[in-house]
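K.L.:
Give me the fold of what follows.
(one chain, ligands or ions: 1)
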Amino acid sequence: MSIIGRTGQGPMGDGNGRGGGMANPNSSKHGNKPEWLQQYDLIGKIGEGTYGLVFLARIKAPSTNRGKFIAIKKFKQSKDGDGVSPTAIREIMLLREISHENVVKLVNVHINHADMSLYLAFDYADHDLYEIIRYHRDKAGGQPINPYTVKSLLWQLLNGLNYLHSNWIIHRDLKPSNILVMGEGEEQGVVKIADFGLARIYQAPLKPLYENGVVVTIWYRAPELLLGAKHYTSAVDMWAVGCIFAELITLKPLFQGQEVKATQNPFQFDQLDKIFKVLGHPTVEKWPILANLPHWQQDVQHIQQPKYETNGIGTVVPLPAKSAAFDLLSKMLEYDPRKRITASQALEHEYFRNEPLPGRNALVPNTGDRVNYPTRPVDTSTDIEGTTSLQPSQPPSSGNAVSGNLAGAHHAIGNRGIPRGPMPMVGIPRMPGPGIGSYGLPSQGGIGGGMNPNGIPMQRGISAAQQQQQVFYTCIVEPSEMFMKIGPEVGFSPAFTGYLIDGRGDVQEHGIVSIMTSLQFLMSNIME
Ligand SMILES: Nc1ncnc2c1ncn2[C@@H]1O[C@H](COP(=O)(O)OP(=O)(O)OP(=O)(O)O)[C@@H](O)[C@H]1O
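P.N.:
Model prediction:
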């Protein structure tokens, strides 16, 4: 971790040519493009989700990753337009620490200083399970996915999830479009779990899931969440995996409830009803804490009354009742989360020891029944702002020449409904303070020492004249992380943990925000 504002070390000049002394972030020799964007060739838009747009780009020289395709996710501004919350930044930093073959790789984090909009650059994957399933259902006339492919996809998904769960991370938004699959190249057919926007490190005591709004896509949402459980575990992901496993076999979502949008209420009656129609009602005998779940009690009429004649999962997923696949699926769709199979147990299941054995390249079975899935369409008419036209560009060929370099891919971060703390952000021209000189920062003409003359709240849209003069560093501090730091460099003074965005817009490491910054922040809070 870089310590910001300490003599003798620091991220400003980070050895990559980024950071200290970078040109002004908002002025560009290349038109209106933000400075950080100059390191990529933008190809076009590849998708749009709840939180923003996803673009395909290619890393330019002189990077060692030159030519590598990446997916840049641009986040919509929050309604109040106040930029990036510390919560989002914290989640992003969590992403950067994740490293596993079956989890997408976050390559870079960028912020536009002018409006504090956030961009994440992930390794690019040609396919995702949503598209693969759709291809079989709509374009291949319902031809089932090869059993080897299903098994390999599932095994790798569990392998990535096992890594996350053993690192105390719950995904919470698993669904087919979040499970990417690499196209041609050294990593062909490798699964990458994406979209950790809502993932948090989970610790006891657990927080209610719905504190952050609706977080798990409804069709894959576990019954304990739908019934209002305030405590959730990694078992919510295993329920989603069960739904995805069934969908890989049938090519149809397993429980396709009607979502009630824009609600803080986790209770989704139609979704529960769809589940009960297939699996029958859960019972207190089999799931003892059921009676304590808010909606089981509160919505007795809706929830407990309809009685269905059900014959179980076998009626909708065509698997022999005695097969290992059936057994594994049933264990994933166990009502009681404490009895539901875990990712590590699932990896040991008999299903994966039977022929065909799972493989690393899920797309190419030994039998040679290979399907050439189409790569993503690229809309080259939308630019990074999501509006105007780009120069027409070469979309990646299905034989993605650089895929071999790819280590992962990525997805969404969102802060939907995330409560914002008071004064979460600080945007200040960096003061010449202790230790600054050692980072080799150029002098900051026109700013002078002392407090930020413009006040502490996020500065945005600085004038062109100012842009010419300032090297602009932005700190995002976490008020909740305020602490008193005692040490030889800082004496005894308030300090914060926070993030530093360099002159180009690349987000640097999380660290201790300098005393000066801390004091300025503190002053502004007092003045507020
Ligand atoms: N790293 C990536 N490589 C290739 N495609 C990606 C990558 N990340 C996301 N995509 C694709 O971009 C599209 C939009 O993704 P995004 O995560 O924004 O939304 P979503 O998952 O479809 O929906 P939501 O935002 O509601 O979760 C999806 O088709 C997704 O597969």
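
K.L.:
Could you list the low-pLDDT ranges of the stretch 301-450 of the chain?
P.N.:
301, 305-306, 386-450 (pLDDT under 70).

K.L.:
Tell me if Ile43 really is in a strand.
P.N.:
Yes: per DSSP: H, G, I helix; E, B strand; the rest coil, Ile43 lies within a strand segment.

K.L.:
Would you mind listing what in the stretch 51-200 of the chain touches the ligand?
P.N.:
Contact residues, the stretch 51-200 of the chain versus the ligand (C-beta under 6 Å from any ligand atom): 51, 54, 71, 104, 122, 124-125, 128, 177-178, 180, 194-195. To be clear about C-beta, it is placed using only N, CA and C from the backbone, and glycine gets the same treatment.

K.L.:
Which of the residues you listed fall within strands?
P.N.:
Judged by DSSP state E, these include Val54, Ala71, Phe122, Asp128, Leu180 as members of strands.

K.L.:
Any idea how many residues pack against the third one?
P.N.:
Using other C-beta atoms under 10 Å as the criterion, Phe122 is surrounded by 26 other residues.

K.L.:
Wait, it touches Lys73, no?
P.N.:
Yes: using C-beta atoms under 8 Å, Phe122 is in contact with Lys73, at 6.8 Å.

K.L.:
so what's Lys339 up against?
P.N.:
Neighbour list for Lys339: Trp287 [criterion: C-beta atoms under 8 Å, 6 or more residues apart in numbering].

K.L.:
one more time with 10 Å
P.N.:
The neighbourhood of Lys339, defined by C-beta atoms under 10 Å, 6 or more residues apart in numbering, consists of Ala235, Lys286, Trp287, Lys331.

K.L.:
Next, find the distance separating it from the ligand.
P.N.:
29 Å (C-beta to the nearest ligand atom, to the nearest Å).

K.L.:
does Phe122 have beta-bridge partners, and which?
P.N.:
Under DSSP bridges, the beta-bridge partners of Phe122 are Ala71, Leu106.

K.L.:
Let's see the pLDDT reported for Asn102.
P.N.:
For Asn102, the model assigns a pLDDT of 97.

K.L.:
What count of nearby residues applies to the residue lying closest to it once chain neighbours are set aside?
P.N.:
Leaving aside its sequence neighbours, Asn102 sits nearest to Gly160 (C-beta to C-beta, 6 or more residues apart in numbering; 3.0 Å). Taking other C-beta under 10 Å as the neighbour definition, Gly160 ends up with a count of 25.

K.L.:
now swap in Arg353 and tell me
P.N.:
10.

K.L.:
my guess is it meets Ala324, correct?
P.N.:
Yes: using C-beta atoms under 10 Å as the test, Arg353 is close enough to Ala324 to be in contact (8.1 Å).

K.L.:
Give me the secondary structure label for the residue nearest to Asn102.
P.N.:
Gly160 ends up helix, using three-state DSSP.

K.L.:
which residues touch it?
P.N.:
Gly160 neighbours (C-beta under 10 Å, 6+ apart): 98, 100-104, 171, 179, 190-194, 343, 408.
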